[in-house]
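Undergrad: Let's see this in three dimensions:
(chains A and B)
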Amino acid sequence: MLDRLLEFAEALRKAGVPVATSEHLDGMRALAHVGVEEREPFRAALATTMVKNEAHRPAFDTLFDLYFGTRLGPDTAAREEGGENPEEFFEDLLRALSAGDGGEIREMARRAVAAFGRVEDARGGSPYFTYRVFRVLNLDSMLERLMGEAAERGAPSALDERMMREEFEERLRAFRRAVEADVRRRLAERRGPEAVAKHAVRPLPEDLEFVRATSEEIAQLRRAVVPLARRLATRLAMKRRRAHRGRLDVRRTVRASLSTGGVPFETRFRRRVPHRPELFLVCDVSGSVSAFARFTLMFVHALQTQFSRVRSFVFVDTLDEVTRLFEFEDFVQAVDRINREANVVGLDGHSDYGTSLERFWETCGEALGPRSSVLVLGDARNNYRSPGSWVMKALAQKARHVWWLNPEPRAHWDTGDSIASEYAAWIDGMVEVRNVRQLEDFIARAI
Amino acid sequence: MASAGRTFGSVEEVSERLGGAGYLSDESIATVVFLAGRLGKPILVEGPAGTGKTELAKALASSTGSRLIRLQCYEGVDEAKALYEWNYKKQLLRIQAERDREWSWEDVEANIFTEDFLLERPLLSAIRSDDPVTLLVDEIDKTDFEFEGLLLELLSDFQVTIPEMGTVVARQIPFVVLTSNNTRELSEALKRRCLYLYLDYPDIEREKAIVLSRVPEIPETLADQIVRVVRSIRQMELKKAPSIAESLDWARTLLHLGVTTLDEGAARRSLGVLLKFQTDMEKVSAKLKIAPRPSDN
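TA: Predicted coordinates:
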């Protein structure tokens, strides 16, 4: 058991979950009190001692099932040999989903994988596949059947019907997840958990690369981005707060001394008027960085809700200000309006950094001052057009900070049409920001 | 040092006793609380607002029969506000009052750095308490990094050093609950010392049980409908998602309105209890396909 726990901790670390040695020890001590016989307290005991971030919990759960999953006894394995009739099974599944008992749904998933997921004489590899299960069981028609049956039992109101549909959708998702988990478990049983762990765990949200993420995954990142924007805001605010000692405020000091019999024990200072930082965001939203662009817009939106003085600009081959559009509270609406209303394509829809930067200088050059920071987000791939790098030089001279966040790996900079270092030469720095972790680092270090 | 944790015999006992204090826990909550007692470690509770983080600490206090000491954190909370402070105004008065006596500096020092002049703040009183206590450090994410450092020393050794008086060691290890709304990432060091508990919105069954226990007069079918609609609303992107307390308010409101089954009309009339922003209201109305009342606009 101790060895198993050690391997498990190692697998967590490989997946990117930081597990300190002391936390590993805590896990062991916790098991001494809770025991391993009952699964849920066992799981909870390990989770509470070893995982200190909710975003890491899915990775933990996947690995926990791999390493400490229940094994099928020989009895069940023997029973599984008997084939299932797809039509009959479909009816059984319908009943189980309709009843909605979690344990029963998992059991159905196990039966489904045993009956339909198997590939005969697969050499070496996994003998079970998720796709085979869903090829036999057409789940698309399942939802309508469920709704139909529920309607027969009684005519619910339209509101009830919508709630019911959501509930059934959720149960179907649970069934899918259970099938996937069961396939993984069977593989782990055959080849050992280490072999499966590497592929089974999705990258943690903070390690997910923007350019490779699906739009669904990008949407999930929003939970991570909002606190980051807030942190950026508080970091700037903190700098302001620290400089709170100003000139002595004689009037308030004398007043405070009255409670100590006229001895000026407490000194009071005049508060400095805090300087309000301004932020200018310039974002590439062209096709080559489309996944990144979605993330960028998310970040911009989050920043605009945190900072009062942000101006945002987006560009493809020409540039447009979108500050006003982001004043909508709702992100989806804002993106929608940017797609419709922002004027970012002047010519052919390929990035043109030169023209866009020059336009930025024309519109904002005057407004920049020693309090302004400029943040450029883009891959600096200019399609061999005129770079307009003099703008970066001019920006760096006028603004307090100019930072550039580049979603490409550093090794790819200056290859092909990327002119990263031509811009980077003038400014505070160009930073590789491929995932949330790197963005966090940037905020912690640079600002 | 006696540990407060010896009072729980098993995970089941934890849920029973929390239940007795009016807090419906689930298996993972009960396990974490049980372990906190056994291992003598603080619990760090994270999660969205209104999922019962503070409530857990209160229930823990009443179920273990201990006194709840609460430290509400805010930006800029410091040692003087959290741990202890010398009442220097009183010290000053003392010195002035005794001015005529020819006291040496040592005498003065021995005189003014005593219990009489010590202002005890929540952390110190939790440690010095003779009777069992539950210490709640609420919204720790609002404090600065420096303050976290102070807590670290306290939470790992349960002792505090006051330079003028010496080290104060806890007479018993209190139950400690730290809550955070996750507005900033807490330091790794602090997280390492704590047991972590993420309190999300409860699942349907648990929320229904909560509604039924807090609003006992409500018919079960209505409670069921309420929690389903609330769950559906929580999955949307809103400025402020409805908390458990708001589900309860909604249940009470519907009860007062004499509603027995929830339909579009009833939802429309009472949605204001659940949602606190006009934009949220419009979004939810659109999703649930209930037109807001004209007067709501």
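Undergrad: ok, residue B:260 to residue A:159 distance?
TA: From residue B:260 over to residue A:159 the distance is 14 Å, taken as CB to CB, to the nearest Å. (Each C-beta comes from the backbone N, C-alpha and C, glycine too.)
Undergrad: Hmm, I typed the wrong one, I wanted residue A:401.
TA: As judged by CB to CB, residue A:401 and residue A:159 stand 52 Å apart.
Undergrad: tell me the strands in the chain, going along the chain?
TA: All of this refers to chain A. Assigned by DSSP state E, the strands in chain A fall at A:278-284, A:310-315, A:319-321, A:372-377, A:401-406, A:429-432.
Undergrad: To clarify, I was referring to chain B.
TA: Counting by DSSP E, one finds strands in chain B at the ranges B:2-3, B:43-46, B:67-72, B:84-86, B:118-120, B:133-138, B:159-162, B:166-169, B:172-173, B:175-180, B:195-198.
Undergrad: So which elements touch the fourth one?
TA: Helices and strands touching strand B:84-86, by 3 or more CB pairs under 8 Å, 6 or more residues apart in numbering or on different chains; DSSP states H and E, are strand B:118-120.
Undergrad: is the strand it packs on anywhere near chain A?
TA: No: using CB under 8 Å from any CB of the partner chain, no contact is recorded between strand B:118-120 and chain A, whose separation bottoms out at 15.1 Å.
Undergrad: Name whatever forms a beta bridge with the nearest residue to residue B:182 once chain neighbours are set aside.
TA: What sits nearest to residue B:182 in space, not counting adjacent residues and going by CB to CB, 6 or more residues apart in numbering or on different chains, is residue B:46, at 5.3 Å. Using DSSP bridges, the bridge partners assigned to residue B:46 are residue B:180, residue B:198.
Undergrad: Quickly note the distance from residue B:46 to residue B:18.
TA: With distances defined as CB to CB, the gap from residue B:46 to residue B:18 amounts to 19 Å.
Undergrad: just for chain A, where's the confidence low?
TA: For chain A, residues meeting the criterion pLDDT under 70 lie at A:70-83, A:120-126, A:155-156, A:215, A:234-246, A:271-276, A:288-289, A:328-329, A:347, A:446-447.
Undergrad: which one in chain B is furthest away from the centre?
TA: In terms of distance from the mean C-alpha position of chain B, residue B:102 ranks first, at 51.2 Å (CA atoms, centre = their mean).
Undergrad: tell me, how many neighbours does residue 232 end up with?
TA: In the absence of a named chain, chain A is used. Residue neighbour count, defined by other CB atoms under 10 Å in any protein chain shown, stands at 22 for residue A:232.
Undergrad: looking at chain B here, not the other one
TA: Using other CB under 10 Å, the number of residues around residue B:232 comes to 18.
Undergrad: Next up, the contacts around it.
TA: Residue B:232 makes contact with A:162, A:163, A:166, B:287, B:288, according to CB atoms under 8 Å, 6 or more residues apart in numbering or on different chains.
Undergrad: rewinding a little: as CSV, the strands of chain A with mean neighbour count and distance to chain B would be great.
TA: Written out in CSV, the entries for those read as follows (neighbours: other CB atoms under 10 Å in any protein chain shown; distance: least, CB to the nearest CB, whole Å):
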stretch, mean neighbour count, distance to chain B
strand A:278-284, 23, 19
strand A:310-315, 23, 19
strand A:319-321, 22, 24
strand A:372-377, 23, 21
strand A:401-406, 22, 20
strand A:429-432, 17, 19
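Undergrad: What parts of the stretch 51-200 of chain B come near chain A?
TA: Residues of the stretch 51-200 of chain B lying close to chain A by CB under 8 Å from any CB are B:76, B:88-89, B:92-93, B:96, B:144, B:182-185, B:188, B:191-192, B:194-198, B:200.
Undergrad: Restricted to buried residues, select the residues you listed in ChimeraX.
TA: Only the buried entries of those go into this ChimeraX selection, using 16 or more other CB atoms under 10 Å in any protein chain shown:
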select /B:92,144,184,191,192,194,195,196,197,198
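Undergrad: In helices only, show me the residues of the stretch 51-200 of chain B next to chain A.
TA: B:88, B:89, B:92, B:93, B:96, B:188, B:191, B:192 (DSSP state H).
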